[in-house]
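Student: Predicted structure and sequence below. I'll ask about it afterward.
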Amino acid sequence: MNKGRTPDHVVFKYLRKNKKFPHIFCQGCGHGIVLGALIRAIDKLKLNIDNLVMVSGIGCSSRAPVYVDFNTLHTLHGRALPFATGIKLANPDLKVIVITGDGDASAIGGNHFIHSCRRNIEITCIVLNNNIYGMTGGQYSPTTPVGGSSATAPFGNIERPFDICDLAVGAGASFVARGTAYHVTGLIGLIEQALQKPGFSVVEAVSQCYTAYGRRNKFKSPSDMLRWQKENSIDVRAWDKLPPEKRAGKIKTGILADHEYTEYTREYQKIIERAAGGDHEKE
Ligand SMILES: Cc1ncc(C[n+]2csc(CCOP(=O)(O)OP(=O)(O)O)c2C)c(N)n1
Ligand code: SF4
């Protein structure tokens, strides 16, 4: 670990320091920054970590729970949300967080993602969007931009990408926000708000993968990718005043939806109570 950091640094409090390091992230990967933001949000809210479960699928992003000393579950590619749903249903008092990649959440796990939004179960889902399948060597994902070069689209991607946040809003999530690895302080705030939402909350964190995406797409370094995030992000309040041509290719950041919808486990509890009271037999 980095010698420049003091051992009492807030992030160190939560790491499985002596068990799971060194980590697998490449130098300059954005996923560590986003994990740091999540840890800081948890610390700021003083959440009881014995009551917290972090669930992931498979991918570089999905390795994140391995490194933190919470209750963690590292599951199957695309299936973090079904596991998390089971945990939350079995014990609604637990705080359940899912960490997922753009491939994990919107390709193989896309069905689970939209139905978790629709069902509105109280889970916070952090999508680390680096626009590529990082772990498996740079195949294009449902968020790779049109024209982006990847291992499976060497002449440029021709598929239109999903906007993860629009997808979540359309499918009915209670809280939807987008931040970037560059704007880490803002990202911490967005995650804090998501963690307090009594419903399904999504935070898309734009992350950089220089290894599998950046160097194929004319970025000079990981810091060049961070600079790109800095220069191309527009807060939602300014976004709404801009004409479409000024929004093209830019990142809309901030809180994009915040609703009070009926939450699934609370409704499910009512059904349990009705069934226990024999209500259904009277009908
Ligand atoms: C069922 C299944 N299909 C495919 C894979 C191979 N696989 C592992 S990670 C991954 C993609 C990861 O991409 P993403 O979720 O975007 O995360 P990143 O690595 O970019 O953080 C794939 C296709 C797998 N492990 N299991
Ligand atoms: S391949 Fe990409 S996503 Fe995976 S650790 Fe390296 S930089 Fe990060």
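Tutor: Received, thanks. Ligands and ions are numbered 1, 2, ... in the order given.

Student: near ligand 1, which residues of the stretch 101-250 of the chain?
Tutor: Residues of the stretch 101-250 of the chain found near ligand 1, taking Cβ under 6 Å from any ligand atom as the criterion, are 101-104, 108, 128, 130, 132-136, 141, 209. For glycine as for every other residue, the C-beta is placed from the backbone atoms N, C-alpha and C.

Student: Show me the strands in the stretch 101-250 of the chain, by range?
Tutor: Chain-ordered strands for the stretch 101-250 of the chain, with DSSP state E, counting those that start in this stretch as the definition, fall at 124-129, 132-133, 139-140, 175-180, 201-206, 233-235.

Student: from the residues of the stretch 101-250 of the chain next to ligand 1, which would you call buried?
Tutor: Applying 16 or more other Cβ atoms under 10 Å to those, the neighbour count classes 101-104, 108, 128, 130, 132-135, 141, 209 as buried.

Student: what about stretch 129-141, how long is it end to end?
Tutor: 10 Å (Cα to Cα, to the nearest Å).

Student: avg pLDDT for it?
Tutor: Along stretch 129-141, the predicted confidence averages to a pLDDT of 98.

Student: And the contacts of it?
Tutor: Applying Cβ atoms under 8 Å, 6 or more residues apart in numbering, the contact partners of stretch 129-141 are 29-31, 58-61, 101-103, 106-107, 143-145, 148, 150-153, 157, 159, 161, 164, 204-209, 211-213, 216.

Student: at 6 Å what do you get?
Tutor: By Cβ atoms under 6 Å, 6 or more residues apart in numbering, the residues outside stretch 129-141 that reach it are 59-60, 102-103, 107, 143-144, 150-153, 157, 164, 204, 206-207, 209, 212-213.

Student: What parts of the protein come near ligand 2?
Tutor: Counting by Cβ under 6 Å from any ligand atom, the positions of the chain adjacent to ligand 2 are Phe25, Cys26, Cys29, His31, Cys60, Asn130, Gly134, Met135, Cys209, Tyr210, Thr211, Ala212.

Student: Could you report the neighbour count for Ala84?
Tutor: Residue neighbour count, defined by other Cβ atoms under 10 Å, stands at 27 for Ala84.

Student: Please tell me I have it right and it contacts Val96.
Tutor: Yes - contact between Ala84 and Val96 holds when scored by Cβ atoms under 6 Å: they sit 5.0 Å apart.
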